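Novice: quick one: sequence and predicted model below, then my questions.
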Amino acid sequence: MLAGGAARGADAPVPSPRPPNILFILADDMGWNQVSYHGSTYYETPHIDRIAREGLQFRHAYSAAPICSPTRAALMTGKAPARLRLTDYIPGKLWEEKPLVTPRMQQGVPLEETTVPEMLHTRGYVSGLFGKWHLAPTYDYEPWRPLDPESQGFDEVYHTRKPESENPPPNDRHNAIAITDRAIDFIERHRDRPFFCYVSHNVVHTPLFEEPDLIAKYERKPGAGAPENVAVMAAMIERMDEGVGRLLATLRRLGLEENTVVVFMSDNGNIGARQQQTPFRGGKATIWEGGLRVPLAVRWPGVVKPGGSSDEPVVTQDLFSTLMEVGGVAYEPSAHDGVSLLPLLAGRSSTLGREALYWHYPHYHHLGDFRPGSAIRMGRYKLIEWYEGSLLGRGPAVSLFDVVADPGEARDLAAAEPARAEAMRARLRAWRAAIGAQEMTVR
């Protein structure tokens, strides 16, 4: 519910009679290095690249969590997953055989939270979700069931989920075409009013399926077989990118291009065991850079100067605050954990003046033997607190990296810079206490 007495952020534009449309495209498990505008010559993303080329790309963009559901919750609410107590994929796992106790977390965004579409309703927006939700207690979808999308403010919903690996459908296995078709229909029908079109793909999540001919194209391509280049993933990404191109073409055809903000982002990194996250370490379900660093680009004609690039660290929950200010929505910035990116988008500033970003992942995960932990990034430095180390003495309690000079997190500086490491660890622990983060305990 929208809190009374909300205030518009200082950088918010003055509300206009027709606020801009918002097209938000979210990829699933797409790594930072799987867009060609980040330097890949293997993956082909010409339409996603166009968003970056005609807008602003964020080279130090982070997901709110290294896993799906908490990142999506942060986007919808503007709050850190740890504050929401939704820190793993839904439903998660308690891992009774592990030495530390995993907290029991929320199984969905609480209905008392006010989501992006609910906030945008106050400015006359119509909102549609097309694709993956994964913020309800079960994978099954029931229209208007509490915690399904309609109960969280969406007016129209086309809900999909990843295919079953045992019996994949013969065509459009991850619904990339169907999702795009439905989103285009939504845009066409609502061209005369402001809309929030949330296109939430299942690509490039496992199971990995695509048409054999398209996979074969990438199996023949130079670079095939390198640990960061996976032919079936490249085929899946091309299919999704084609859909992005169709969406952009629809905006142009309908004369909506100039008054539509387009965002492309991923929910977390790819699975490290399946696709190496070069130049980063780790992958999905880890708080190494490979699990958290994601592609993010924003296009807004007339506001965002084309061809720009920002190295300012930003995070998923910042997009909530940004969309509020894009839409001229009255909101209370201090009630949310993100900050608006509008100063960067509009070229008014090259920094946000924020001291730190934080992550909390008190979970084990089946994708690997990554130890649970939390992390803080301050400037060029990132510190990880390892819970098995701090609670059990198994391995180091903390690791410290200069992620600008050492993006692969290969050189642990904790022993060489103990004062910096201790100060960052103290700040990280104070943040967890302040937001009521659920802590792991010894079994």
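Specialist: On my side now, so go ahead.

Novice: mind listing the helices for the chain?
Specialist: Using DSSP state H, the helices of the chain run over residues 46-53, 68-77, 81-84, 116-121, 176-189, 212-219, 231-253, 289-292, 317-326, 342-345, 387-392, 418-435.

Novice: any low-confidence regions in the stretch 151-300 of the chain?
Specialist: Counting by pLDDT under 70, the ranges of the stretch 151-300 of the chain that qualify are 166-170.

Novice: show me what contacts His159?
Specialist: Taking CB atoms under 8 Å, 6 or more residues apart in numbering as the criterion, His159 is in contact with 129, 131-133, 141, 148-149. The way it works is simple: take the backbone N, C-alpha and C, and place the C-beta from them, glycine included.

Novice: identify the farthest-apart pair in those.
Specialist: Distances among these were taken as CB to CB; the most separated pair is Gly131 and Asp148, at 13.7 Å.

Novice: so these two - more neighbours on which side?
Specialist: Ranked by neighbour count (other CB atoms under 10 Å), Gly131 and Asp148 place Gly131 first, with 27 against 22.

Novice: min pLDDT across the contacts of His159, which one?
Specialist: The member of the contacts of His159 with the lowest pLDDT is Tyr141, at 91.

Novice: quick check: closest non-adjacent residue to that one.
Specialist: His159 (4.1 Å; CB to CB, 6 or more residues apart in numbering).

Novice: and the one you found, bridged to which residues?
Specialist: Gly131 (DSSP bridges).

Novice: and it, how far from Ser200?
Specialist: Distance of His159 to Ser200, given as CB to CB, to the nearest Å: 9 Å.

Novice: same deal with Trp300?
Specialist: Note on Trp300: its distance to Ser200, by CB to CB, is 20 Å.

Novice: go on, His121?
Specialist: Taken as CB to CB, the span from His121 to Ser200 is 19 Å.

Novice: and the two? Which one has more around it.
Specialist: Ser200 (24 against 18).

Novice: quick one: residues contacting the residue nearest to the more buried one when sequence neighbours are not counted.
Specialist: Take Ser200 and drop its neighbours on the chain: the residue closest to it by CB to CB, 6+ apart is Gly131, 3.7 Å away. Residues in contact with Gly131, defined by CB under 8 Å, 6+ apart, are 26, 158-160, 175, 179, 198-202.

Novice: make TSV out of those residues and add distance to Trp288.
Specialist: Compiled in TSV, the contacts of Gly131 are given as follows (distance: CB to CB, whole Å):
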residue	distance to Trp288
Leu26	21
Tyr158	34
His159	32
Thr160	30
Asn175	30
Ile179	30
Tyr198	28
Val199	28
Ser200	25
His201	24
Asn202	24
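
Novice: of these, closest to Leu341?
Specialist: Leu26 (16.0 Å).

Novice: all strands in the stretch 1-150 of the chain, in order from the N-terminus.
Specialist: 21-27, 56-58, 61-62, 100-101, 126-131 (DSSP state E, counting those that start in this stretch).

Novice: how far off centre is the third one?
Specialist: With CA atoms, centre = their mean, to the nearest Å as the basis, strand 61-62 stands 8 Å off its chain's centre.

Novice: quick one: mean pLDDT for it?
Specialist: 98.

Novice: use 4 as the first number for this chain going forward.
Specialist: Yep, numbering from 4; the last one is strand 64-65 now.

Novice: and that strand, what does it pack onto?
Specialist: strand 317-318 (3 or more CB pairs under 8 Å, 6 or more residues apart in numbering; DSSP states H and E).

Novice: direction included, what does the strand it packs on pair against?
Specialist: Counting by DSSP bridges, strand 317-318 is paired with strand 64-65 (parallel).

Novice: show residues contacting the strand it pairs with.
Specialist: 268, 295-299, 316-319, 360, 362, 380.

Novice: correct me if wrong: Val112 contacts Arg86.
Specialist: No: contact criterion CB atoms under 8 Å: Val112 and Arg86 do not qualify, at 11.7 Å.
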